[in-house]
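Asker: model this:
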Amino acid sequence: MKKRRDTDARSLGREALTQLRQRAVAQVQAGESPEVVAAAIGINRTTIYDWLSLYRHGGKAALDAKRRGGRRRKLDGAAMRWIYRTVATKNPLQLHFPFALWTCDMIGALIRQRFGVELSRSSVGRLLEQLGLSAQRPLWRAYQQNPVEVERWRKQTYPKIQAEARACRAEIYFGDEAGVRSDYHAGTTWAPQGRTPIVSSTGARFGFNLISAVSARGLLRFMVVEGKVGARTFIEFLKRLLHGADHPIFLIVDGHPSHRAKAVTEFIATLDGRLRLFFLPGYSPELNPDEFVWNSLKNQALGRRAHHSKDEMKRAAISHLRFLQKTPAKVQTFFQAPYTAYAAAA
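Answerer: As a prediction, the model looks like this:
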């Protein structure tokens with residue numbers, strides 16, 4: 001393999017160099033990593049941060065290759081590189097902050113401490129945007145999760161399960177349980193500024209549990225549960241899942257005690273291979289497409305209306321789940337998210 005030769009920016013004419021600078025900065029601000037951009041256009045890593053510093057200091061005009069001198073920049077290329085790498089690769093907890101998410105105030109404090117530069121919150125926000133960073137809702141992961149096990153599941157374990165399912169024409173389902181409560185609400189509503197809106201409903205709290213399972217073909221099965229979901233309840237759901245099934249069923253669930261109970265193991269042993277149970281890696285709900293059933297139910301149905309009785313809430317839940325059953329294309333989208341696409345139908 002030939003070693004990549006860096007572009008010697010000094011050998012470019014003024015116009016070509018100006019265009020190269022502008023194109024590189026635009027790619028970073030579109031969300032590409034500065035160092036990926038630097039590698040793609042063949043310049044030194046430090047150079048891209050110098051250009052970003054120029055742009056921050058003087059805008060697009062500052063990228064003109066003919067311009068020289070000017071006022072000293074508060075944050076030079078080395079500072080820009082440090083800020084980007086700190087925010088993009090470090091957790092605030094590593095730097096002794098009490099909160100796990102980056103905020104403009106926290107980043108401003110770091111800049112003040114390291115470079116002696118005081119920036120307002122809005123200036124910090126603009127700086128981060130100029131570095132191609134954006135405020136995003138994070139995906140939470142339990143610290144107990146083992147990334148090696150997750151990767152092994154995606155790349156080795158699940159493909160093996162798929163192969164076994166094809167060999168015996170089994171249907172693969174992902175199953176999960178969830179509880180719903182009358183005091184949960186989702187979404188937003190319009191109201192005068194400074195006056196938080198109030199949604200009135202009954203003061204009595206009630207709820208119930210549900211079990212469901214989905215397949216990549218868009219199939220959905222569910223059961224409403226009164227009380228806790230234990231081994232007996234789970235076995236009842238397995239019986240319903242098997243009812244009318246023409247082929248074996250492979251059911252993938254988490255490691256909840258009710259799933260691993262001795263009674264469940266003994267029940268499955270009586271089925272002569274009609275049902276097999278597999279377990280996801282620990283603390284990895286994002287790998288389960290069935291989680292989207294509960295997201296849909298809670299955030300698109302139950303959470304957007306007031307419930308005046310348990311029976312009324314139960315009817316609403318069943319109605320929404322039956323709607324999903326009748327729209328397999330919607331259920332199939334649950335297998336298209338970044339962390340569940342591995343389980344999509346081949």
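
Asker: what pLDDT does Q193 get?
Answerer: We have a pLDDT of 52 for Q193.

Asker: Do a quick rundown of the helices in this protein.
Answerer: 14-29, 34-41, 45-58, 77-89, 104-115, 121-130, 147-152, 158-168, 231-242, 257-260, 262-269, 291-296, 310-325, 328-333 (DSSP state H).

Asker: Can you tell me which of those helices is nearest to R181?
Answerer: helix 310-325 (9.0 Å; C-beta to C-beta). Yep, even glycine has a C-beta here, placed from its N, CA and C like the rest.

Asker: how about that closest one: buried residues?
Answerer: Buried residues in helix 310-325, counted by 16 or more other C-beta atoms under 10 Å: 310, 313-314, 316-317, 320-321, 324-325.

Asker: Quick one: residues contacting K74.
Answerer: 57, 115, 117 (C-beta atoms under 8 Å, 6 or more residues apart in numbering).

Asker: what about it, distance to V124?
Answerer: Look at K74 and V124: by C-beta to C-beta, to the nearest Å, they are 12 Å apart.

Asker: next one: Q332
Answerer: 42 Å.

Asker: Check K66 too.
Answerer: 31 Å.

Asker: out of these two, which sits in the more crowded spot?
Answerer: V124 (20 against 8; other C-beta atoms under 10 Å).

Asker: My guess is that one contacts C104. True?
Answerer: Yes - between V124 and C104 a contact is recorded at 4.3 Å, counting by C-beta atoms under 8 Å.

Asker: buried ones in stretch 255-271?
Answerer: For stretch 255-271, by 16+ other C-beta under 10 Å, it's 258-259, 261, 264, 267-268.

Asker: got it, and stretch 218-237?
Answerer: Applying 16+ other C-beta under 10 Å to stretch 218-237 flags 218, 220-223, 225, 229, 231, 233-235, 237 as buried.

Asker: The residue nearest to M313 when sequence neighbours are not counted: neighbour count?
Answerer: Excluding its sequence neighbours, the residue lying closest to M313 (C-beta to C-beta, 6 or more residues apart in numbering) is H307, at 4.0 Å. Neighbourhood size, H307 [other C-beta under 10 Å]: 24.

Asker: next one: phi and psi at H307?
Answerer: phi -120, psi 130 (degrees, to the nearest 10).

Asker: For T265, see how far away H259 is.
Answerer: H259 is 10 Å from T265, by C-beta to C-beta.

Asker: Farthest pair within the buried residues of stretch 218-237?
Answerer: Longest span within these, C-beta to C-beta: G218 and A231, 28.9 Å.

Asker: out of all of them, which strand in this protein is the longest?
Answerer: In the chain, with assignment by DSSP state E, the single longest strand is strand 171-181.

Asker: Pairing partners for that one, with directions?
Answerer: strand 207-215 (antiparallel), strand 249-253 (parallel) (DSSP bridges).

Asker: Would you map out the domains in this structure?
Answerer: 9-130, 147-189+203-343 (automatic domain parsing).

Asker: next one: stretch 104-114 to chain centre, how far?
Answerer: Distance, stretch centre to chain centre, for stretch 104-114: 27 Å (C-alpha atoms, centre = their mean, to the nearest Å).

Asker: now could you export just the CA positions of it as CSV?
Answerer: Extracted C-alpha coordinates of stretch 104-114, given in CSV (Å, rounded to 0.1, in the frame of the first residue of the first chain):
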residue,chain,number,x,y,z
CYS,A,104,-22.2,25.1,27.0
ASP,A,105,-21.5,26.3,30.6
MET,A,106,-19.3,23.3,31.3
ILE,A,107,-17.4,23.7,28.0
GLY,A,108,-17.1,27.4,28.6
ALA,A,109,-15.6,26.7,32.1
LEU,A,110,-13.0,24.3,30.5
ILE,A,111,-12.0,27.0,27.9
ARG,A,112,-11.7,29.6,30.6
GLN,A,113,-9.6,27.3,32.8
ARG,A,114,-7.2,26.0,30.0
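
Asker: What about A26, how many residues nearby?
Answerer: So A26, with other C-beta under 10 Å, has 14 neighbours.

Asker: do the one 5 residues further on as well
Answerer: For G31, the count of nearby residues is 9 (other C-beta under 10 Å).

Asker: Next, the residue nearest to it when sequence neighbours are not counted: phi, psi?
Answerer: Leaving aside its chain neighbours, G31 sits nearest to G132 (5.2 Å; criterion: C-beta to C-beta, 6+ apart). The phi/psi pair for G132 (degrees, to the nearest 10) reads phi 80, psi 10.
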